[in-house]
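1. structure for this input, please:
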Amino acid sequence: MTTTDPFPGFHVQAGKAADGPYAVDIAPERAGWGYSSLRVLDLPPGGSHSLATGDSEWIVLPLSGGCTVIAEGETFELHGRESVFSGVSDFVYLPRDSHAQIASGAGGRFALTGARCERRLPARYGPASAVPVELRGSGNCSRQVNNFGAAAPAGGGKSAGGFECDKLIAVEVLTPGGNWSSYPPHKHDQCRPGEESELEEIYYFEIAEAHGNEGIGYQRVSPSGHGRGTDVLAEVRSGDTVLIPDGWHGPSIAAPGHDMYYLNVMAGPAAERAWLICDHPDHAWIRSTWPDQAVDPRLPLYQAPAGDPR
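-> As a prediction, the model looks like this:
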């Protein structure tokens, strides 16, 4: 497969999106859309990688291990984490039209979440202590959201609950084994100011092992009547991705005994960077049951570390 080959479907199994140094390389051209990108970089101990950001802004997010990122004349030390199931990670924002050197003394796995953009914002460090950790849903719909790259008002600079980018929106979701998340099914494939954003989305999955066994999960996307008619019912495993150009997406189902992690990367054409969704009308009622149920006591799986959030 070359970088110009499109993916044959919307569920891309681990290894099927590998290209060059990347275990996952989903560029807009390969996904058949205009904005969202995801690369996953595995570095051996002492390894390094040179990244040209091109026409996109990027966030470097450790999935496991730590690294040093040199860009725009600055050196950023990322402490990272043991795994996506062990803690919140710090991260680095890289602007378009730049170069970065990513190096790791002990090795690790690093997500590069990207979006084609217009504005060139400054490179900067995002401490783990500043990442808002949100518990969403209740009962067996409980999940944890790490809003490290959630939307902030365009041009807003520092903002409670958000990290400023031009187009990129990125969050992590942790779903305890046996729970459903990304539920009720929702969509964001039309531009309806104040109600719905048009956003392409990538789901990247990791599933926790249990008793020495690899875990599985499931992802559903059903057609909304817009766009490409995306229709997916997939068994997902660690390293898999699901591309969502349009459609009702959810649930994401964690098998009992196996916690599910997914990284969401979103971007779209609108001038306003916003995450506005529309619930599926057949399933939106489930939200009304949440106030009467307790949040799953297994959550949060972890909190952001204490520290200076600046």
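
2. what about residue 46, how many residues nearby?
-> The number of residues packed around residue 46, counting by other CB atoms under 10 Å, is 10. C-beta coordinates here come from the backbone N, C-alpha and C atoms, glycine included.

3. what do you get for residue 36?
-> For residue 36, the neighbour count with other CB under 10 Å is 30.

4. please apply the same query to residue 288.
-> Residue 288 has 8 nearby residues by other CB under 10 Å.

5. which residues does residue 69 bridge with?
-> Beta-bridge pairing of residue 69 under DSSP bridges involves residue 76, residue 102.

6. all numbers from here: first residue = 4
-> Noted, 4 is the first residue going forward, which turns the last one into residue 72.

7. from residue 169, how far out is it?
-> Distance, residue 72 to residue 169, by CB to CB, to the nearest Å: 19 Å.

8. more neighbours: these two, which one.
-> Set residue 72 next to residue 169 and count neighbours by other CB under 10 Å: residue 72 wins out with 23 against 20.

9. quick check: pLDDT value at that one.
-> With respect to pLDDT, residue 72 scores 98.

10. which SSE is the residue lying closest to residue 243 once chain neighbours are set aside in?
-> Spatial nearest neighbour of residue 243, excluding adjacent residues (CB to CB, 6 or more residues apart in numbering): residue 208 at 5.0 Å. Element membership for residue 208, per DSSP states H and E: strand 203-210.

11. sheet partners, orientation included, of that strand?
-> By DSSP bridges, strand 203-210 pairs with strand 244-247 (antiparallel), strand 263-270 (antiparallel).

12. for residue 176, find the nearest of those.
-> Closest to residue 176 of the strands paired with strand 203-210, according to CB to CB: strand 263-270, at 5.3 Å.

13. skip ahead from the closest one and say which helix or strand is next.
-> The helix or strand immediately downstream of strand 263-270 is strand 281-282, counting by DSSP H and E.

14. mean neighbour count and distance to residue 133 added to the strands paired with strand 203-210, as a markdown table?
-> What follows is these, written out as a markdown table (neighbours: other CB atoms under 10 Å; distance: least, CB to CB, whole Å):
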| stretch | mean neighbour count | distance to residue 133 |
| --- | --- | --- |
| strand 244-247 | 25 | 27 |
| strand 263-270 | 26 | 18 |
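
15. low-confidence regions, this structure specifically.
-> Along the chain, the parts satisfying pLDDT under 70 run over 4-8, 155-164, 311-313.

16. in it, which spans are helices?
-> Counting by DSSP state H, the chain has helices at residues 31-34.

17. list the contacts for the residue lying closest to residue 267 once chain neighbours are set aside?
-> In space, and not counting its chain neighbours, residue 267 is closest to residue 174: 5.2 Å by CB to CB, 6+ apart. Neighbouring residues of residue 174 by CB atoms under 8 Å, 6 or more residues apart in numbering: 148, 149, 150, 151, 152, 153, 266, 267.

18. before we move on, back to that, the residue nearest to residue 243 reaches residue 241, doesn't it?
-> Yes: counting by CB atoms under 8 Å, residue 208 does reach residue 241; the two are 6.5 Å apart.
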